[in-house]
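A.B. asks: give me coordinates for this.
(one chain, ligands or ions: 2)
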Amino acid sequence: MSNTLVGTPFPPSSSPSLGRPPQIVMKKSLLPVKNMSASEKHSVGKEDLVRLLKQYFGHAEFRGKQSEAIEAVLAGRDCFCLMPTGGGKSMCYQIPAVAKPGIVLVISPLIALMENQVAALRMKGIPAEFLSSTQTAQTKEKIHEDLNSGKPSIKLLYVTPELVALFGFMTKLTKLYNRGLLSLIAIDEAHCISTWGHDFRPSYRKLSSLRRHLPDVPILALTATAVPKVQKDVIESLCLQHPLILRASFNRPNIFYEVRYKDLLADAYRDVSHLLKSAGNACSIVYCFERSICDDLSGYLCKNGISSAAYHAGLNSKFRSAVVDDWLSSRIQVIVATVAFGMGIDKKDVRIVCHFNIPKSMEGFYQESGRAGRDQLPSRSVLYYGMDDRKRMEFILRNATNKKSGSSPSSNSLPEKSLEAFSQMVEYCEGSSCRRKRILDSFGEEVPASLCRKSCDACKHPDLVSKKLEDLRHVSDSHKKDRFFPIIIKSSKDAFLEGRGQDTEFWNREDEGSFSSEDISDSDDGAEVISSLTRSKISTKAVLDEKFEVLQHAEEVYYQNQGQRKQESSLTDKKAISETLREASKKRLFNALTQAQGRLGDLSLDFEGSAIFLEMDCFKKYEKVGKTFYNSQVAATVRWLSSSSHEQILDRLNANSTTPASTNCKADNLPTVTPPPDPIIQDHVPEEASAGENQDNINLEHSNESVDMRAPGEKIELPQIPSFLEFINQKRREGQMGSSVVSSQHPSRGVQKRILDSQKHGANNASKRIR
Ligand SMILES: Nc1ncnc2c1ncn2[C@@H]1O[C@H](COP(=O)(O)OP(=O)(O)OP(=O)(O)O)[C@@H](O)[C@H]1O
Ligand SMILES: [Mg+2]
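C.D. replies: Numbering: from 1, shown residues only. Ligands and ions are numbered 1, 2, ... in the order given. Here you go, the predicted structure:
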């Protein structure tokens, strides 16, 4: 064994606890890296490395390009390592950590990922630590103490890119570097640095300063998903110098690829349930693009005897951790998740990865489906393709603003880039050729179709797949003719415009962390994309909404300052509109539509889509106000459906559609009728009021919508929005008059009432019924 090989410095510990590095007995003193000669750097022989692999990790030999990568970095060379999901990239920096003196700095995007790896390493007796805001000050202090000591015991230090960007931490790293203690910088999931990648994280961009601050330390960039453009971007951004570029094949021969067509299935949920049941108790992941679908589908699976749980960023972190623990330890079989789940999860026996909605890019799809079969045993990837999902995704990608791409010069064409990437997924689903070849082609890997060996549906059952695609085309054609398409498109669009897109996490992996700006990326945030989209597209309504929001916020701050924080938060909870309530409302509206169909004859409607749309309408108006108003609005809509005419219903559904599709479909044939009013808050309206009688109604949230619907010349004055000062002064006056208690219990109603009052005076003809 060579002199520089660390040997067996870490006696394996059976139960090392996090935050307490195991006692380390160093056989040799650590030599500062900078003091090593070039020949010494090369001196760790291949047999030594295999020995360490066996000793610490129990593996007999290196896989793929592992040994090349390890040898390169041990020789002090930069390396770009492209290996498939589950290919064993972590080993490329873990072996150097035990083979070489000094500390390996690992930059990793997720805290969960770091925690997992650190725990696993410590179980193997390798001193590893991570730094994040989730740790106690005491733990962090211990780590820093160790780093500052003469002979740090830590061999691998995991940190987030956000931490590296902090001046204070960079200073610490520079000190370690100057003492010759930094042996390697490993950047995991390195594709996150590129705006061309599917998972861009602005914080990764800041890693470009590493080379400047720590010039002599070799950098190892690792990823499973980098198309040539991304590869170039990563290498340039990290300033890698003459890196060794290692590319292992992306082929995952043990995964069978299949596409199922939702539009040809009677019930997609039932199909998923059958699929999972057919695999016995196999461990599986189902990816959905919305939180509500995760909840809903998981509930359905549970009802059908499959142990499953939902996982998404809308659940609190304790609950999510419990779900992951249960799933990792096989207490639950299926995890139904958004893309917030999975990066870095190393569960070997996942047998099925199912995409219930089409992913936004081939890279994402490859990475997610690649979580199947990490043990190299036969596994399946099943993608459920639906035309509505496709349209929805296209709409979202087209409208995603460039904000996400930060200040990168190449950021101007983000929507085009995204759409281009998405088109590969559509081709994957709608094509009849080998799925495996399509995946590999998209990564620039040219392979013959024979490589597949009938391990995708297109190669195994070519006639069946062709037949399905033919059927799909028929359905698609008749869909265009018969279905009330605008509703679906409108509802999905509105979901985004009105902020519901926060439930959609296709781009939003890192919100899994949700700890602090140090730990997660701060600008790659779906909500931001949505809000800028909202601003640009519905500016008129947004002006009113925004003011209302500012007032609400001011009011909240005011009361918080008055020491009423507790009362306020319990009020917020009470006002919250839960997903369960929303689902129940959809069902009510669906039933009302069915009854309207019974009353009026053929409505030619997609009832489910229409119910979703109407519910969304109620939700978007009253999301911020609370569930009482929302419930009233749903009830009013149900009543309105029970008394409206055929034309009024169609008109209401169609009038709100602004997509081009609306002009292609039924809208053209509809008679021009006076648009019916939106059903509005009718708490104060007699039950028997007809839709026609509601015409004069106006309410706060859609007063400007109502203006649009009126005949030209019929003007409605918008309510006066009080200034912040006016608002606060009035609150004070109310307080002096003893009315603050009432207002504080319903702060937003307080504002609302005043606006409604001014509306009453200002728009006489429009506000008759409000009180
Ligand atoms: N040489 C090897 N022989 C056998 N198993 C190995 C070898 N190297 C790594 N593994 C195992 O392969 C699994 C995947 O390793 P790892 O998590 O490093 O993959 P990865 O390439 O980082 O995947 P991902 O892209 O999903 O993060 C681990 O369970 C690891 O123990
Ligand atoms: Mg990995």
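A.B. asks: and this structure, which of its residues are near ligand 1?
C.D. replies: 59, 62-63, 66, 83, 85-91, 224, 344, 346, 348, 374 (Cβ under 6 Å from any ligand atom). Bear in mind the C-beta positions are built from the backbone N, C-alpha and C, glycine included.
A.B. asks: of the residues you listed, grab the buried ones for ChimeraX.
C.D. replies: Only the buried entries of the residues of the chain next to ligand 1 go into this ChimeraX selection, using 16 or more other Cβ atoms under 10 Å:
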select :62,63,66,83,85,86,87,88,89,90,91,224,344,374
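A.B. asks: thought Leu451 was touching Arg435?
C.D. replies: No - Leu451 is not in contact with Arg435 according to Cβ atoms under 8 Å; the separation is 11.8 Å.
A.B. asks: more crowded one of those two?
C.D. replies: Arg435 (25 against 16; other Cβ atoms under 10 Å).
A.B. asks: got the contact list for the closest residue in space to Ala337 that isn't next to it in sequence?
C.D. replies: Of all residues not flanking Ala337 in the chain, Tyr311 sits nearest, at 4.0 Å (Cβ to Cβ, 6 or more residues apart in numbering). Tyr311 sits next to Cys294, Arg320, Val323, Val324, Ile335, Val336, Ala337, Thr338, Ala340, Phe341 when contact means Cβ atoms under 8 Å, 6 or more residues apart in numbering.
A.B. asks: and the pLDDT at Tyr311?
C.D. replies: Reading off the confidence values, Tyr311 has pLDDT 94.
A.B. asks: same question for Ser744.
C.D. replies: On pLDDT, Ser744 comes in at 32.
A.B. asks: just Arg374 next, same as before
C.D. replies: You'll see Arg374 listed with a pLDDT of 89.
A.B. asks: I'd like the distance between it and Lys348.
C.D. replies: 5 Å (Cβ to Cβ, to the nearest Å).
A.B. asks: cool, and Thr139?
C.D. replies: From Thr139 across to Lys348, the span is 29 Å (Cβ to Cβ).
A.B. asks: same question for Met362.
C.D. replies: Plainly put, Met362 is 24 Å away from Lys348 if you go by Cβ to Cβ.
A.B. asks: cool, Ser67 as well?
C.D. replies: In terms of Cβ to Cβ, Ser67 sits 22 Å off from Lys348.
A.B. asks: Cys283 now?
C.D. replies: Counting by Cβ to Cβ, the gap from Cys283 to Lys348 is 9 Å.
A.B. asks: nearest to ligand 1: which residue in the stretch 151-300 of the chain?
C.D. replies: In the stretch 151-300 of the chain, the residue that lies nearest ligand 1 is Ala224 (3.8 Å; Cβ to the nearest ligand atom).
A.B. asks: skipping its backbone neighbours, what lies nearest that residue in space?
C.D. replies: Once flanking residues are discounted, Ala224 sits nearest to Thr85: 4.5 Å by Cβ to Cβ, 6+ apart.
A.B. asks: next, count neighbours for Pro215.
C.D. replies: Pro215 has 10 neighbours, counted by other Cβ under 10 Å.
A.B. asks: tell me the SS of it?
C.D. replies: Under DSSP: H, G, I helix; E, B strand; the rest coil, Pro215 falls in the coil class.
A.B. asks: which strands or helices does the helix or strand hosting Ile439 pack on?
C.D. replies: When elements are assigned from DSSP states H and E, Ile439 belongs to helix 435-442. Under the contact definition 3 or more Cβ pairs under 8 Å, 6 or more residues apart in numbering; DSSP states H and E, helix 435-442 sits against strand 255-261, helix 362-369, helix 414-430, helix 457-460.
A.B. asks: go through the helix or strand following the last one and flag the buried ones.
C.D. replies: Elements were assigned by DSSP H and E; along the chain past helix 457-460, the next helix or strand is helix 462-482. Judged by neighbour count using 16+ other Cβ under 10 Å, the buried positions of helix 462-482 are Val465, Lys468, Leu469, Leu472, His479.
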